[in-house]
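Enquirer: How does the following fold in three dimensions:
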Amino acid sequence: MNRKKNLIYISIFVLIIISILSIILINESFQNSTYHKKSLIKSNFNLIDQNSKIVTNEDFYGKFTLIFFGFTFCPDVCPNTLNKISIAYDLLQEDIKKSLKVIFITVDPERDNFRIMNKYVSAFNKEFIGLTGSEKRIKQAADSMGVYFKKNVINDTTNEYLIDHSSIKFLMDKKGSYLAHFSRDLSAEELSKRISEKIKNYE
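Expert: Numbers count the residues shown, from 1 in each chain. The predicted structure is shown next:
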């Protein structure tokens, strides 16, 4: 009888150990998964828009946001990307447009004040929002979305510089959490199609 009880206790103990190990392995797998990394991406910012108004990520709750980081002195990637976004935006259905805000966040606050951002984003689409702020707050915004940027001086005499930065466009949901991201390789038509699909499927 005692032997039978001991076997039961041992079996229960083994099952508990197996369960604990399974939970640990699943958790480690999740920690290292692409999904988990994406789930950590959440827009978090406290910046100044192109009209010199302080805005935070919470001001956009209830809307989808398409966010791109760059700078106005960027020679090619940023203007080409914003032009592509502008074309894609115009291709969206009106109901999708109304639910979406396009946000361009500078990684060059030293040169990109709100006046410059106003002229810059307006040249692509008057509905687009340009954000700037202190270096600290720009970094906080970039870090919250896993965006990399680095200042590279190209002329020591004149202190001219460019900025290396991630060129991914992020589509965030109505609470500022990751929904999708899009690379530079997509055409404007494909970008518009994928944005529409993601927003429609979200509902």
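Enquirer: what are the bridge partners for residue 65, then?
Expert: residue 101, residue 172 (DSSP bridges).
Enquirer: roughly how far apart are it and residue 171?
Expert: 8 Å (CB to CB, to the nearest Å). Placement of C-beta: from N, CA and C, glycine included.
Enquirer: Overlap in contacts, those two.
Expert: Here residue 65 and residue 171 have no joint contacts, going by CB atoms under 8 Å, 6 or more residues apart in numbering.
Enquirer: Would you mark the buried spots in stretch 127-137?
Expert: Across stretch 127-137, burial judged by 16 or more other CB atoms under 10 Å covers 128-133, 137.
Enquirer: Using PDB, write out the CA atom coordinates for it.
Expert: The C-alpha trace of stretch 127-137 is given here as PDB (Å, rounded to 0.1, in the frame of the first residue of the first chain):
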ATOM      1  CA  GLU A 127      -2.500  65.900 -43.800                       C
ATOM      2  CA  PHE A 128       0.800  64.500 -42.700                       C
ATOM      3  CA  ILE A 129       2.200  65.300 -39.200                       C
ATOM      4  CA  GLY A 130       5.800  66.200 -38.500                       C
ATOM      5  CA  LEU A 131       7.200  65.800 -35.000                       C
ATOM      6  CA  THR A 132      10.400  67.100 -33.500                       C
ATOM      7  CA  GLY A 133      11.700  67.700 -29.900                       C
ATOM      8  CA  SER A 134      14.700  67.400 -27.700                       C
ATOM      9  CA  GLU A 135      17.500  64.900 -28.500                       C
ATOM     10  CA  LYS A 136      16.500  63.000 -25.400                       C
ATOM     11  CA  ARG A 137      12.800  62.700 -26.300                       C
END
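Enquirer: Domains in this protein, by residue range?
Expert: 2-32, 42-202 (automatic domain parsing).
Enquirer: Would you reformat these as TSV and include mean pLDDT?
Expert: As requested, the domains of the chain are exported to TSV (pLDDT from 0 to 100):
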stretch	mean pLDDT
domain 2-32	43
domain 42-202	94
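Enquirer: Can you tell me which of these is packed in deepest?
Expert: The highest average neighbour count among the domains of the chain, using mean count of other CB atoms under 10 Å, belongs to domain 42-202 at a mean of 17.
Enquirer: Which neighbouring elements make contact with the helix or strand where residue 47 lies?
Expert: Per DSSP states H and E, residue 47 falls inside strand 46-49. Judged by 3 or more CB pairs under 8 Å, 6 or more residues apart in numbering; DSSP states H and E, strand 46-49 is in contact with strand 54-56, helix 114-124, strand 129-132, helix 135-144.
Enquirer: which other residues reach it?
Expert: Counting by CB under 8 Å, 6+ apart, 54-57, 105, 114, 117, 129-133, 137-138, 140-141 sit against strand 46-49.
Enquirer: Also stretch 115-123?
Expert: 49-51, 72, 82, 104, 106, 112, 128-132.
Enquirer: Ok, stretch 125-142 next?
Expert: 43-50, 55, 69, 82, 85-86, 89-90, 97, 101-107, 109-110, 112-114, 117-118, 120-122, 148-149.
Enquirer: Now residue 66. Nearest residue, chain neighbours left out?
Expert: Using CB to CB, 6 or more residues apart in numbering and skipping the chain neighbours, the partner closest in space to residue 66 is residue 102 (4.9 Å).
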